[in-house]
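Trainee: Generate a structure from the sequence data that follows.
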Amino acid sequence: MKSTSQKMAQWLKPGVATIALLSLLTIGMQSLNAKPIQTEASPPVPTLKPVPTQKGTAPPRPAPAVRLPGSVKTAVLRAHARDFQMSIKTLRVVSFSQETWPDSCLGLGRPEATCGLALVSGWRVEVSNGAKRWFYRTDRTGRNLQMENTNNASSLPRAIEQKVLAIAAKDMGVPVNQLKLAAARARGWDGCLGVADPTTGCTMILIPGWQVIVTAPQQYGVYHLNQTATLIKQNPTTSGKGTLVPTFLQPDPSTDGSNTGDVIFQSMTSGGIAGLAYKTLLMKDGKVMRIDLRQQTPAAPTLIRQLTSQEVQAFVATLQQNEFSDFLGFNYAPIGGADYFTIALTASGATQSTQYVDIVQDQTPPKLQQIIQAWNRITNPR
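Mentor: Numbering: from 1, shown residues only. This next block holds a predicted model:
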């Protein structure tokens, strides 16, 4: 039986075969004369050559990892526990970095402060209690340390400070030389500078400005002002009497107020001799839940109470009537003292908390006391 190629050879006559051969040669010449198609060549794979080493020597070792000296870590944690009246057991260093500060004030001095103009090698240390974060600057040894916080009044221009003190002297009835600007932070206000009774309509515009705390003997005033201090108002809700003067809390980037969920209100409690740490939440359905935070993996929430819808509505009304939002970002803590609990209160959708120490809750402003008492009645099981 003949193969396919043999059959084809028989079918092709000599003349036809010659024509076909010439056609193939013509096509081949056209292909050779055509412009070549440009293609991107793959880069050559580099050949790794071994690093030559001297005979009898080992190859270079990688640089050792940077470690935070134990003395610096201890100094920062002790300072924070002392200043914020917190148990050192609830604190930990979560991050750090080596830094070079521009002066002996670690870059945090006021314009009129005397700071040695010499570069200072040191550290920037982040401290957390699981709910909030604070940042500290130190020198190389940790002997010189300062907290980066919103209470650093150096951010307020001197001319603005003088205007505020002049107004505060009239309001408090004391000479200017008895007043002190204790804290300042940048804030944005509505048309009423955030100070108005519930019946007043305030234009919803953003006025950039400041919030400051001015202290006098046995009293303090909280003032709201625009950037140029042409508008200044005292906030009677957050101003108070006595020696306990609040500070401003460090902003917490993890709290943006966008994720409200089913939580209406919550508190974070930490400290005490046993180093307790737990969260208590009021849910929309009236459930009061508690979560123990001492374990690495928090335990499941425990139901401690069930409120009626009327009780939930009454508590929400208490928050509104006592202007809880005015206290956001304030910290009420004594200087020194024995073991105590630190409690941070947060409402649904809020971007900051209100923090206080249990042993001084009766020294906080009257409206905040009303809120604390209402929350304690809810969270203490009967």
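Trainee: going forward, measure contacts and count neighbours with C-alpha atoms only.
Mentor: Fine.
Trainee: and residue 375, that one's in a strand?
Mentor: No - applying DSSP: H, G, I helix; E, B strand; the rest coil, one finds residue 375 to be helix, outside a strand.
Trainee: Just say helix, strand or coil for the closest residue to it other than its chain neighbours.
Mentor: Using C-alpha to C-alpha, 6 or more residues apart in numbering and skipping residues adjacent in sequence, the residue nearest residue 375 is residue 315, 7.9 Å away. Using three-state DSSP, the structure places residue 315 in helix.
Trainee: Residue 315 is in contact with residue 374, isn't it?
Mentor: Yes - using C-alpha atoms under 8 Å, residue 315 is in contact with residue 374, at 7.0 Å.
Trainee: just to revisit the earlier point, tell me how far the residue nearest to residue 375 lies from residue 361.
Mentor: Relative to residue 361, residue 315 is positioned 19 Å away (C-alpha to C-alpha, to the nearest Å).
Trainee: just residue 270 next, same as before
Mentor: 15 Å.
Trainee: between those two, which one's more packed in?
Mentor: residue 270 (26 against 17; other C-alpha atoms under 10 Å).
Trainee: The more buried one and residue 292: what is the separation?
Mentor: Distance of residue 270 to residue 292, computed by C-alpha to C-alpha: 10 Å.
Trainee: helices and strands of this protein: which one has the lowest mean pLDDT?
Mentor: helix 14-33 (a mean of 42; mean pLDDT, DSSP states H and E).
Trainee: That helix: what's the following helix or strand?
Mentor: helix 70-83 (DSSP states H and E).
Trainee: Burial check on residue 314, number of neighbours?
Mentor: Neighbour tally, residue 314, other C-alpha under 10 Å: 13.
Trainee: Any stretches of the stretch 251-382 of the chain with poor pLDDT?
Mentor: Residue ranges of the stretch 251-382 of the chain with pLDDT under 70: 251-260, 298, 336-338, 381-382.
Trainee: ranges for the helices of it?
Mentor: 309-321, 366-379 (DSSP state H, counting those that start in this stretch).
Trainee: Show me what the shortest one is in contact with.
Mentor: Counting contacts by C-alpha atoms under 8 Å, 6 or more residues apart in numbering, the residues outside helix 309-321 that touch it are 284-286, 370-371, 374-375.
Trainee: Tabulate those residues (a markdown table), appending distance to residue 146 and neighbour count.
Mentor: Putting the contacts of helix 309-321 into a markdown table (distance: C-alpha to C-alpha, whole Å; neighbours: other C-alpha atoms under 10 Å) gives the following:
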| residue | distance to residue 146 | neighbour count |
| --- | --- | --- |
| 284 | 41 | 16 |
| 285 | 44 | 14 |
| 286 | 43 | 19 |
| 370 | 35 | 18 |
| 371 | 33 | 20 |
| 374 | 37 | 15 |
| 375 | 34 | 19 |
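Trainee: nearest to residue 102, of these?
Mentor: Lowest distance from residue 102 to those (C-alpha to C-alpha) belongs to residue 371, with 44.3 Å.
Trainee: Stretch 295-314: end-to-end distance?
Mentor: Start-to-end, stretch 295-314 (C-alpha to C-alpha) is 34 Å.
Trainee: List the buried residues in it.
Mentor: 304-307, 312 (16 or more other C-alpha atoms under 10 Å).
Trainee: where's that stretch relative to the chain centroid, distance-wise?
Mentor: The chain centre lies 26 Å from the centre of stretch 295-314; the measure is C-alpha atoms, centre = their mean, to the nearest Å.
Trainee: What are the boundaries of the strands in the stretch 251-382 of the chain?
Mentor: 263-271, 276-283, 287-292, 302-306, 330-332, 341-347, 354-357 (DSSP state E, counting those that start in this stretch).
Trainee: I'd like those strands as JSON lines, with distance to residue 249 appended.
Mentor: Formatted as JSON lines, these follow (distance: least, C-alpha to C-alpha, whole Å):
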{"stretch": "strand 263-271", "distance to residue 249": "15"}
{"stretch": "strand 276-283", "distance to residue 249": "19"}
{"stretch": "strand 287-292", "distance to residue 249": "24"}
{"stretch": "strand 302-306", "distance to residue 249": "29"}
{"stretch": "strand 330-332", "distance to residue 249": "6"}
{"stretch": "strand 341-347", "distance to residue 249": "10"}
{"stretch": "strand 354-357", "distance to residue 249": "8"}
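Trainee: Let me know which of these is the nearest to residue 115.
Mentor: The nearest among the strands of the stretch 251-382 of the chain, by C-alpha to C-alpha, is strand 330-332 at 28.6 Å.
Trainee: Okay, now the sheet partners of the closest one, with direction.
Mentor: strand 247-248 (antiparallel), strand 354-357 (parallel) (DSSP bridges).
Trainee: Quick one: the ones you listed as a markdown table, columns for distance to residue 108 and mean neighbour count too.
Mentor: A markdown table is the format used below for the strands paired with strand 330-332 (distance: least, C-alpha to C-alpha, whole Å; neighbours: other C-alpha atoms under 10 Å):
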| stretch | distance to residue 108 | mean neighbour count |
| --- | --- | --- |
| strand 247-248 | 16 | 22 |
| strand 354-357 | 24 | 24 |
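Trainee: To residue 146, which of those lies closest?
Mentor: Here strand 247-248 is closest among the strands paired with strand 330-332 (C-alpha to C-alpha), at 15.4 Å.
Trainee: Run the chain-centre distance for the closest one.
Mentor: The answer for strand 247-248 is 15 Å, by C-alpha atoms, centre = their mean.
Trainee: what residues are up against residue 328?
Mentor: Counting by C-alpha under 8 Å, 6+ apart, residue 328 has contacts 352-354.
Trainee: swap that for residue 93, sorry
Mentor: Taking C-alpha under 8 Å, 6+ apart as the test, what residue 93 contacts is 73, 77, 125-128.
Trainee: quick one on the thing from earlier: between the buried residues of stretch 295-314, which sits nearest residue 92?
Mentor: residue 304 (29.3 Å).
Trainee: List the contacts of the closest one.
Mentor: 287-290, 379, 381.
Trainee: Can you lay out those residues as CSV showing distance to residue 68?
Mentor: Shown next, in CSV, are the contacts of residue 304 (distance: C-alpha to C-alpha, whole Å):
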residue, distance to residue 68
287, 44
288, 41
289, 38
290, 35
379, 40
381, 44
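Trainee: Okay then, goodbye and thanks.
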